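Participant: predicted structure and sequence below. I'll ask about it afterward.
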Amino acid sequence: MQKIALIIAVCVTSILNAQNPYTKGMTKAQELFQSGKYDQAVQLYERISSAEPDKWLPAYHAARIQVVTSFNIKDQKIIEARLEKAQKFIDKVVALSPKNPEILVVQAQLYTVWVAYDGAAYGMMYSGKISSLYQEAKALAPDNPRVLLSKAEWDMGSARFFGQDIAPFCKDVERSLDLFATFKTEIGFYPEWGEDKARQILKNCEK
């Protein structure tokens, strides 16, 4: 009996050790991102993605960081370089995990960077694509809080632009908070962002 227990313990330890480089790397990359070291986080996610070519999450996180940190950049050449790199990460995720609602959101956000940068130049070019991506993501994952929140935020921006009421989309943000409370996944390092942003948007809705 003791021998069997020892064999099981050795097997479990071997499995955990095999996972350690990936787990440690992803944990470190998260820490870099949370501490504001965005470029270092992207570089580490990229190395992990190269070392673990069958896993989509490293490329996903690298793409998202490149996208969300591009919104406040004013230099078009810098935006182009960052989003070109982000698109390569997105393409890799799509190849590994087709019809993934999480990466559809990031793709929509990438196009939104351009609309936010220059709405007159890029609004007509990308607005239809953004709306289509959110519709596809919602059809695939209607109970994903990040999908609902991101779609609602885009719809709010469009409503404001055309002078329309944003109240219906505030309700979607409120529902996303309910979904954040119940959304569960057993996949390690799965996207978790959005809840704090939803609360902030909802506060603005109440003003």
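Facilitator: Looks like it arrived, so ask away. Residues are numbered from 1 along each chain as shown.

Participant: mind listing what's buried along stretch 182-196?
Facilitator: For stretch 182-196, a neighbour-count test (16 or more other CB atoms under 10 Å) marks 183, 189, 191, 194-195 as buried. Bear in mind the C-beta positions are built from the backbone N, C-alpha and C, glycine included.

Participant: now stretch 60-67: buried residues?
Facilitator: Buried residues in stretch 60-67 (16+ other CB under 10 Å): 60-67.

Participant: with distance to Met124, pLDDT and secondary structure as extra columns, can I get those in TSV?
Facilitator: Converted to TSV, the buried residues of stretch 60-67 look like this (distance: CB to CB, whole Å; pLDDT from 0 to 100; DSSP: H, G, I helix; E, B strand; the rest coil):
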residue	distance to Met124	pLDDT	secondary structure
Tyr60	29	98	helix
His61	31	98	helix
Ala62	29	98	helix
Ala63	25	98	helix
Arg64	26	98	helix
Ile65	28	98	helix
Gln66	24	98	helix
Val67	21	98	helix
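
Participant: what does the model give Lys207 for pLDDT?
Facilitator: As predicted, Lys207 sits at a pLDDT of 73.

Participant: the chain should start at 88 in everything you say after this.
Facilitator: From this message on, residue numbering opens at 88, which makes the last subject Lys294.

Participant: distance check, it against Cys257.
Facilitator: 11 Å (CB to CB, to the nearest Å).

Participant: which one of those two is surrounded by more residues?
Facilitator: Each of Lys294 and Cys257 has its neighbours counted (other CB atoms under 10 Å); Cys257 has more, 17 against 4.

Participant: so what pLDDT did that one get?
Facilitator: For Cys257, the model assigns a pLDDT of 96.

Participant: where does it fall, secondary structure wise?
Facilitator: Cys257 is located in helix 254-269, with elements delineated by DSSP states H and E.

Participant: which of the buried residues of stretch 269-283 sit farthest apart?
Facilitator: Phe276 and Glu282 (16.9 Å; CB to CB).

Participant: now for Ile165, how many residues are close by?
Facilitator: 11.

Participant: how close does Leu227 sit to Pro188?
Facilitator: 5 Å.

Participant: re earlier: distance to Tyr132 for the buried residues of stretch 269-283 - can I get that in JSON lines?
Facilitator: As requested, those are exported to JSON lines (distance: CB to CB, whole Å):
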{"residue": "Phe270", "distance to Tyr132": "23"}
{"residue": "Phe276", "distance to Tyr132": "10"}
{"residue": "Pro278", "distance to Tyr132": "13"}
{"residue": "Gly281", "distance to Tyr132": "19"}
{"residue": "Glu282", "distance to Tyr132": "22"}
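
Participant: contacts for stretch 217-236 next, please.
Facilitator: 186, 188-189, 191-192, 194-195, 198-199, 202, 237-238, 241, 245, 259-260, 262-264, 266-267, 270, 278, 280-282, 284-285, 288 (CB atoms under 8 Å, 6 or more residues apart in numbering).

Participant: and it, how far out from the chain's middle?
Facilitator: Centroid separation between stretch 217-236 and its chain, computed with CA atoms, centre = their mean, to the nearest Å, is 12 Å.

Participant: do the same with stretch 162-170
Facilitator: 19 Å.
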